[in-house]
Structure formats: structure tokens, C-alpha cells
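J.: Attaching a predicted model along with its sequence, questions to come.
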Amino acid sequence: MRTVVLLCSMLVVAISGLVCDAGAGCLSYGAYLHALGAYTGAQYARDMVLVDSRLVVADWQREFSILDASDPSRMALLGSLQLPSEPRGMDAHSAIACVSLDSREIQLIDIADPGSPAAVGSLAMPSGPRGLALAGDYAFVTASQFMGEEGVYVVDVSAPEHPWIVTRVEVGTIPDGIVIDGALAYVRTFYEIVVLDIVEPTAPVIIGRIEMPGQPGYLAFQGDYLYVVCESTEGDRYWGNGLYIVDRTDPAALRIVGSYAPEEEAPHSGIALWGDYAISSCGNLGIGFFDVADPTRPALVEYLGIQDYARPLIVHGDVLFGGGDGIVSYALTADLARPPVTPIAGTEQCVDFAVSGDYAYMLRSFGEELLIVDLRDPQVPAIAGRAPLDSDYSSAIAVTEEHPAGPFVYVGGNGHPDTTLIFDASDPTAPARVGELVIPRHPADLDVVGRYLYAAAGAAGVRIYDIAKPETPELVSVIDFDYSPSTITVVGERLYVGRRVLYFENLFIYDIADPADPVLLGLTQIAKSTHEVVIDGNLAFIADGTEGLLILDVGDPANLREVSRTRGIGELRDLFLDRGIVYATVMGGNAGAHLIDVNDPVAPRIIGFLRTGQASAIERIGDHALVADRLLSAVVAPLECAPALVEDAPRIVSAIDLRLSRNPARGELEIDLSLPGATAARLALFDPAGREVRVLREGRLERGTHRVRWDGKDQLGRRCAAGVYFVQVRTAGRSRGQSLVYFP
């Protein structure tokens, strides 16, 4: 349930005198689709079912798990058991789960106590079971391992300890999955959808079938239509992949009325429905959202999400659950567009950068060129100057923050010898090469603090240089390492050194009050693959690779303690911290930057996602975030407006639904309010301070969808000012709300 009002908007600079803390142009990333949380204990879910507020999962690791998903941002394991073999399909209701197994049997599991699921019965099948669906006291199981024994088996599970086969129906070649809608069952075979009448479960009757362009892999239904995702390949070409919409008004005469199947970019994994959208995974392009308001013309809206090849997919209310490498929950919002960014032309293939003042110093084209980017006006960023470098794959850069002669830039090289180049950037339009520094190994990371340059130089250890004369650094001390250090951070009189070697200490803390004599204060194995470290007081925020965001208490360096860890959102590479929000870049097919609220460091909460591409580096510059990309242009993005005003995570509490016809909205607005049953309801609009602006609908409403129009005026008939408002419906003990960006 959402309980707070968003005060700032992606499009509003000043709202009726309201000033955003982060400055002009900030936005609320929670208004866009983003991950809420992840559970990584279940790897590669074969099937999952939502029962009340619990996710029942069967994964390829033969693990049967029950998760508490009442708060999707913090899914937690309730209970689990090991299955005898790999699962093929599953279904569940409040007391019983039924799993089809690769060992040619089905397993009945008592889940009445979710903390202690228990196998209570099993049944050997004549042919290898695959898909499975429960309906009352019966399990409908597709089986396709042996010719002559294929079909849909009806199994009586009224006594879970002693299930028995009632009958079998032949439906065609290689029956796979099955879903049930009331008295009809829809079966996926190798190339068809077959419809069974199961009014009499013990005697199913085939009443219709339709041949599909590809191999049906996933199926869902809503209203008069079936939504079928095909997942076939033929050689190096995709054969029949795509989303197909089938009119099912007459089960005896099914017909395809619409499709989205553009060869290799077609959806081919998983299917879920959300209002006027069909959701399906499109491989490493991400999760695709398709507008199916007109079933004859489905249209791609956007590829979003953070998972590759997510399957299965489940939608409940305004939450999407995706199964893949872990279970990820997403907040579904009315606006499916990406947050707005400003690309910087000519900055493609940027591997790293450093910031000083209003300028960013970038290593472009995989390190072949140094760019200086003017960011004084973040809305109109521009390249001010450039300089060629000696070799590609330069991957380390640092710049002096304050120097009487202007900024100096240090660029780590990868040549022979390993030469770090020094540039005088006092004139940003014409950086001048003024010196060289030979380091025995090319540096993986550089940092400049005050009059010292720190270099993480692989087998040459961490090297500290005096740069009182920037053109001619002088070696002050060397910290030897048995394995290569990869990242360094200097804060005050402490030096934090990270490395990426499994099963070894990967974070070291040194006292550098005297840079000529560093003293080791502490080290730890808690960090697994340190890519970046940010220090705030006694807390270290670490981009820990595939292990996610790690927060450590470093108040006592001799006794480092894990505060929390956020996993399941990709491979974290870089981060910065701004007013309680961590902005962390993620590498992968659907890369970008996650926003994680760490105001409570014990319980971080994912609040937004900024998708870019192969995001490599991120830094704050003024009131914006600068994100570098290994493939695409670097981008400038607004910061989150106000961390303290982030929405509460959606909870699975009801089927109340609230949809806005458009958001942002100009002029009149239509609001669709859907109720699961007849009830007294109150639909109202609130301003940023939480004051009621207008009651839009009040009284007893019947079950179904009610359309309410708002003319942009308050309770007294006055035109409302531009700003961010909050639309909320309340029923007995329940509420649902959504933020609205409004222009008169």
C-alpha cells in the first residue's frame, strides 16, 4: 500500500512554490518500472505459482521453495525441500502443490504449513510428465516421453497420499503445457493449441484446436483471447518465435487475430498480462511490454527489466514476478517509458571517467582518446576538448580537484613500458601532454587526493606518489600485494584497497596519515569482488560485482562487520552516494543504474532504475548523474528528488486497481477504478502536502471497473496548478494510490 505522496516530478522544475531538494530537473524514479527486490536462493525457476501472498517455486536445482512475497521488495524463504529429480511443471493451491518430475512421476507436497513443506504422496506416470494444472480434486498432467502413451492424464489427488490415474486423453504430438480456465483446459502441443471441455473432469472432451506458426511455449488468457508465446528455432533462424493473440470466443473455431513476431527480436519466453499489456521476455533484450488494447495490432512499447530470459512471469496487482537467475519482483507503473536522459554526442565507448568541477574527463573508444566534456549546463553537455592516447584499453583516470595551475589529468596506460600520461587541462579546449609516469604494471585504478596520487598497479602493488609538481610525480611508498589490487579509495587519512580474487581478503584499510609509511588497520573476506568503495561516516558502500551492493561497518577497521547485502540486480561495477540514495551501475544485457535507498542501511530498498546500456562508470556532477557506457553515448540524468519521500513498496493485499489514462496529464484526465467486489469506496485527489484537493467519487460501488473523469479543478471549481498530485482510492481497510504529474 502506498502511504506517502511524491513531491517532485520528472518534468516539473518548480511546483507551486515547492522546491526539490536535489535541484531543478530532479525526478522520482519510483514512477517508472523498476525492480523492487530479488531472492537469489531459487536459481532458474522452472515454474512458480502465487498462492495468497506466497510464491511457490520449483527450480532447476531440484529445490522446492515457498517464499513470503507479501512485501515483494523483501521476499524471504519460509520453507523448502529437495525434489527427487528436476521439475517440469507445477501447480498449487492453499494446501497442496503438485510437481511433475523428470523421473516420470508426480509429487504431491503438503504446503498448509509453508515453513515445513512435506512430500505426502507420489505417482509413477506411464509417460514422462511435463505441464501440470490443478482443478478441484484433479491434476491435469501432460505427458510426452513415449509414443502411444502421450496425452493429458487426469489424476485424482483428493487423497494426496494416494493419487491415482482416472483417464488419459490423446491430444496430439508432444503435449507440453496446460492452463485451465473454468470448464476449459488449453493444452500446448508441438505445434497446436488444443481445447478440452473438462466440465466432467473424469471424461475430458476435445472441442477445438488451432495450428500455431511456431512451437507454443507459454500461454495465458484474458477475456476473449489467448496470448501464446512461441519459442522455436530452426538452424540459425528463429522459426515462429513471437507473441500470437488467439480469439477464443468460439472454442471450436479458434483463430489468430494478431501477432508480434519480428524474427530474432520477438518475445519467446514467458507470458503475463497486465491491463492492456502483454509481458514477455525477449532474451537478452529484456522484458518486453506489448500494447494489446487492440488485439489485432499488438505493438511493442518498450524493453524493460533487468533479467535476461526471464521465465516464468506472474503479475499480481501492480507487481510483476520474474523467474530466471533468481526471482526478481518489479513495480508496475502507468508510465512504461524510460526516465529521461540527455545523451552526450561523441562519447561512445567510454570505459571510465573522472570529474573535477563542471568538467568530466573521459577515456573514450576503449581508452584511445581523452575527452573533456563541459557539463556546466547539464541540459546541453558538449565536448570541449580532446587528446589522443598512446594505446587502447586505458582503464584508469584521475584528475586533481584543486590546483593553482588548473586541473591535471593522469591516464593509466597499457603499453610497453606501462606509461601513465599526464595532461595539463587548465585550458579544457586544448589539453596538453606535459609528462609521463612509468609504473611497473599498468594501473587498474587511480585516485588523486590533495598532493598525492594513488595507483593500484597490479603485481606492483599500491603506489603512492607526491604530485606537488604535477608533471613530475615522485614515488613516496609502495604497499606490496600477493595478488593484484584493483580499486582504491582515499577518504581523510584512510586508504581503502579492494581486489577481485575469490576466497581471499578483498578489502584492506590503511592509515595514511603519513603517506610514506602506510599502516594496515584491517582486512576482510566479506567483500567478494570489490569494484568500487564509497565511504560515508562509519559505513562503506561497496559495488561487489555479482554479489551486489555490500554495506560494511568500518568504524573499527580491525573488526569489520557486514550490515546488509542487496543481491539479484546484476553485476555492480560503480556507484556513488547522494542523500541516502546509492546510484549503482550494472553490467549486462539490460544494464544501467539502480537506485537503492540506504537511509536504513540494515534494510536497503530498490527504488528505481535508469537503463542506459553497458553502463561502466557513474558519478554525481552538480544536480545530475553522469553515466558512461561501453557501447552507447554517455548520458546525463536527473537525480532522485527526495529520498525521504520514496514510496512504500507495493504489498499484495487486494485486487483493487487504479489506472490513469495518461501520466503526465494535461487538461482532463480519465481514471479507471477496478474493484474485486461491491464496496463503499472513496476516490480523492491530494496535493503534495497531503491535503485533499477534491473528492472524485464516493459511495457504494459495484464490482468491476468504474471510469471517473477529472476536469483539472479542485473542490471549489478552481483550476489546479501544475504539479505532482496523488490519486487514492479507499475501501474498507484497504487503499491504492498513484502519483500524477499534472499540467493545466
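T.: The structure has been received and is ready for your questions. Since we're looking at a predicted model, the values are computed, not measured. Numbers count the residues shown, from 1 in each chain.

J.: residue ranges of the strands in the stretch 501-650 of the chain, please?
T.: Here the stretch 501-650 of the chain has its strands, by DSSP state E, counting those that start in this stretch, at 507-511, 519-524, 532-536, 539-543, 549-553, 561-566, 571-578, 581-587, 592-597, 605-611, 615-621, 624-629, 635-638.

J.: mind putting these in TSV, mean pLDDT, distance to residue 386 and mean neighbour count included?
T.: C-beta here means a position set from N, CA and C on the backbone, and glycine is covered the same way. Shown next, in TSV, are the strands of the stretch 501-650 of the chain (pLDDT from 0 to 100; distance: least, CB to CB, whole Å; neighbours: other CB atoms under 10 Å):
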stretch	mean pLDDT	distance to residue 386	mean neighbour count
strand 507-511	97	36	22
strand 519-524	96	41	15
strand 532-536	96	26	19
strand 539-543	97	29	25
strand 549-553	96	34	22
strand 561-566	94	38	16
strand 571-578	93	23	21
strand 581-587	92	24	25
strand 592-597	92	26	25
strand 605-611	90	26	24
strand 615-621	92	18	22
strand 624-629	93	15	26
strand 635-638	94	18	24
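
J.: export those strands to CSV and tack on distance to residue 291?
T.: Listed next are the strands of the stretch 501-650 of the chain as CSV, based on distance: least, CB to CB, whole Å:
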stretch, distance to residue 291
strand 507-511, 47
strand 519-524, 49
strand 532-536, 38
strand 539-543, 36
strand 549-553, 34
strand 561-566, 32
strand 571-578, 32
strand 581-587, 27
strand 592-597, 23
strand 605-611, 19
strand 615-621, 28
strand 624-629, 28
strand 635-638, 26
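
J.: Out of those, the one nearest residue 455 is which?
T.: Across the strands of the stretch 501-650 of the chain, residue 455 has its closest neighbour in strand 507-511 (14.1 Å, CB to CB).

J.: packing partners for that closest one?
T.: Using 3 or more CB pairs under 8 Å, 6 or more residues apart in numbering; DSSP states H and E as the contact test, the elements touching strand 507-511 are strand 494-498, strand 519-524.

J.: so which of the ones you listed gets nearest residue 485?
T.: Closest to residue 485 of the helices and strands packed on strand 507-511 is strand 494-498 (CB to CB; 4.9 Å).

J.: For residue 516, list the residues it contacts.
T.: Shown in contact with residue 516 (CB atoms under 8 Å, 6 or more residues apart in numbering): 464, 476-477.

J.: Could you rerun that using 10 Å?
T.: 464, 466, 476-477 (CB atoms under 10 Å, 6 or more residues apart in numbering).

J.: so what pLDDT did residue 187 get?
T.: Residue 187 carries a pLDDT value of 97.

J.: Could you verify my assumption that it touches residue 195?
T.: Yes. Contact criterion CB atoms under 10 Å: residue 187 and residue 195 qualify, at 7.8 Å.

J.: So for those two, which residues contact both of them?
T.: 171, 206, 209.

J.: For these, pick the one with the most neighbours.
T.: Sorting those by how many neighbours each has (other CB atoms under 10 Å) puts residue 171 first, at 25 neighbours.

J.: which one is that residue nearest to, not counting chain neighbours?
T.: residue 194 (4.5 Å; CB to CB, 6 or more residues apart in numbering).

J.: Restricted to helices, list the contacts of residue 516.
T.: Using DSSP state H to define helices, no part of the contacts of residue 516 is located there.

J.: and which of these is nearest residue 592?
T.: Among those, and counting by CB to CB, the member closest to residue 592 is residue 464, at 34.7 Å.

J.: For beta bridges, what are the partners of the closest one?
T.: Beta-bridge pairing for residue 464 (DSSP bridges): residue 454, residue 477.

J.: OK, contacts around it?
T.: 452-455, 473-479, 488, 490, 495, 510, 512, 515-516, 518.

J.: Give me the buried subset of those.
T.: 452-455, 473, 476-477, 479, 488, 490, 495, 510, 512, 515, 518 (16 or more other CB atoms under 10 Å).

J.: follow-up on the earlier one: tell me which of residue 187 and residue 195 has more neighbours.
T.: Neighbour totals were compared for residue 187 and residue 195, and residue 187 leads with 29 against 22 (other CB under 10 Å).

J.: So that one versus residue 215, what's the distance?
T.: Noted for residue 187: a distance of 13 Å to residue 215, by CB to CB, to the nearest Å.

J.: Touching both of the two, which residues are there?
T.: residue 176.

J.: Please tell me I have it right and residue 192 contacts residue 210.
T.: Yes. Contact criterion CB under 10 Å: residue 192 and residue 210 qualify, at 6.4 Å.

J.: list residues touching both of those two?
T.: Applying CB under 10 Å, 6+ apart, one finds that residue 192 and residue 210 are jointly contacted by 216, 254.

J.: so which of the strands of the stretch 501-650 of the chain comes closest to residue 251?
T.: Comparing the strands of the stretch 501-650 of the chain by CB to CB, strand 605-611 comes nearest, at 40.7 Å.
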